[in-house]
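Peer 1: got a sequence here, can you model it:
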Amino acid sequence: MSLSEKKIPVHNLVSEEFQVNTLENGHPENFEDVHRHNFFEIIWFKEVHGNSRLELDFESYTIQNNQICIIVPGQVFNMKLRDEKGYVLAISKEIFKEACDTEVILANGAKPFFLDEESSETGNTLISMIKQEYLGGGRVEILKAYLRAFCLIITDQIQVQNTSEDDKPRIQKLVSLIEEHYVTQKNTDFYAEQIKISAHHLNDIVRLSRGTTVKKMIAQRILLEAKRELSFGALTVKEIAFKLGFSDASYFSRFFKKHTGQNPDGFNSGKG
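Peer 2: Numbers count the residues shown, from 1 in each chain. Predicted coordinates:
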């Protein structure tokens, strides 16, 4: 059965706005199939196997000890648990936005990242405090305070590993602008003008910090949304093309094939 036939289920936080669990005790969600969240989830992999992998927005990653993965609402996620050890924090959008720098997460946290030794020790202390409060009083304001401290630790690590200090605000602004305008604005000049630097300078920053170009970042965002829509199977290729700002479905199909090597119609053919 293809993804388009069975649809991608959306997992919701129903009874609580903040949940804490461990991978070894069993996760409340079904990790054995492709799904999306309508909330934020932080997974801290403490101990994994040599072949531990996860799939996030159709990209496959090998997981290593002491890596963190942040799953944001709408992302397509899949992982088969094989006795990995670690922590899982499931957090409503409202609480996450109060406690964490969402822009930094969206700009830099799209793939698993490491915690250094000092950050790991601090993180362990904060997770212990979160677990104790969650299982004890469960006071939301205290949980948010602990979560805020934990998010400061991990966002610092994300930024250190991804972007130079001077370029962080511009990269964050660029990612936010692309997220808002990628359907209607596909030229580098628009984003450079919004950030108030030249297109050449903006591309230099993106090359140094991300190893890519603004145009490719826009294309990747379009492709990601196209893959999400194709996986849902609710819209035709033509409808998806128009939704993503293409005036011609055949141009969208050529664009998709150029970047993926597949025709949109055949995207799900190898998935089951």
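Peer 1: hey, let's count contacts and neighbours off CA atoms from now on
Peer 2: OK.
Peer 1: quick one: average pLDDT of the host helix or strand of Asn124?
Peer 2: Element membership for Asn124, per DSSP states H and E: helix 117-135. Summarised as a single mean, pLDDT over helix 117-135 is 93.
Peer 1: quick check: what element follows that helix along the chain?
Peer 2: Counting by DSSP H and E, what follows helix 117-135 is helix 140-162.
Peer 1: by how many degrees do that next one and helix 117-135 diverge?
Peer 2: Using axes from the mean of the first three to the mean of the last three Cα atoms, to 10 degrees, the direction of helix 140-162 lies 160 degrees away from that of helix 117-135.
Peer 1: can you pull the pLDDT of the nearest residue to Asn203 once chain neighbours are set aside?
Peer 2: Nearest in space to Asn203, with sequence neighbours left out and distances taken as Cα to Cα, 6 or more residues apart in numbering, is Thr213 at 5.5 Å. Note on Thr213: pLDDT of 89.
Peer 1: how about the contacts made by Thr213?
Peer 2: 203, 206-207 (Cα atoms under 8 Å, 6 or more residues apart in numbering).
Peer 1: return the closest of the residues you listed with respect to Ile178.
Peer 2: Val206 (13.1 Å; Cα to Cα).
Peer 1: I figured that closest one was touching Ile171, is that so?
Peer 2: Yes - Val206 is in contact with Ile171 according to Cα atoms under 8 Å; the separation is 7.3 Å.
Peer 1: out of these two, which sits in the busier spot?
Peer 2: Ile171 (23 against 19; other Cα atoms under 10 Å).
Peer 1: may I have whichever strand or helix holds the more buried one as PDB, with CA atoms only?
Peer 2: For Ile171, the host element (DSSP H and E) is helix 168-181. Listed next in PDB are the C-alpha coordinates belonging to helix 168-181 (Å, rounded to 0.1, in the frame of the first residue of the first chain):
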ATOM      1  CA  LYS A 168      22.900  34.000  12.600                       C
ATOM      2  CA  PRO A 169      20.200  36.800  12.500                       C
ATOM      3  CA  ARG A 170      20.300  37.000   8.700                       C
ATOM      4  CA  ILE A 171      20.000  33.200   8.200                       C
ATOM      5  CA  GLN A 172      17.100  33.100  10.700                       C
ATOM      6  CA  LYS A 173      15.400  36.000   8.900                       C
ATOM      7  CA  LEU A 174      16.000  34.300   5.500                       C
ATOM      8  CA  VAL A 175      14.500  31.000   6.700                       C
ATOM      9  CA  SER A 176      11.500  32.900   8.100                       C
ATOM     10  CA  LEU A 177      11.000  34.800   4.900                       C
ATOM     11  CA  ILE A 178      11.300  31.700   2.700                       C
ATOM     12  CA  GLU A 179       8.700  30.000   4.900                       C
ATOM     13  CA  GLU A 180       6.300  32.900   4.500                       C
ATOM     14  CA  HIS A 181       6.900  33.700   0.800                       C
END
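Peer 1: what helices or strands is it leaning on?
Peer 2: Applying 3 or more Cα pairs under 8 Å, 6 or more residues apart in numbering; DSSP states H and E, one finds that helix 168-181 contacts helix 102-108, helix 188-195, helix 214-232.
Peer 1: just the CA coordinates of the longest one, formatted as CSV?
Peer 2: Output of helix 214-232 as CSV, limited to C-alpha atoms (Å, rounded to 0.1, in the frame of the first residue of the first chain):
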residue,chain,number,x,y,z
VAL,A,214,19.3,31.0,-1.6
LYS,A,215,17.7,29.7,-4.8
LYS,A,216,18.4,26.1,-3.7
MET,A,217,16.9,26.8,-0.3
ILE,A,218,13.8,28.1,-1.9
ALA,A,219,13.7,25.0,-4.3
GLN,A,220,14.2,22.6,-1.3
ARG,A,221,11.3,24.2,0.6
ILE,A,222,9.0,23.9,-2.5
LEU,A,223,10.1,20.3,-3.0
LEU,A,224,9.4,19.5,0.7
GLU,A,225,5.9,20.8,0.4
ALA,A,226,5.4,19.0,-2.9
LYS,A,227,6.5,15.7,-1.3
ARG,A,228,4.2,16.3,1.7
GLU,A,229,1.2,16.9,-0.6
LEU,A,230,2.1,14.0,-2.9
SER,A,231,2.3,11.7,0.2
PHE,A,232,-1.1,12.8,1.4
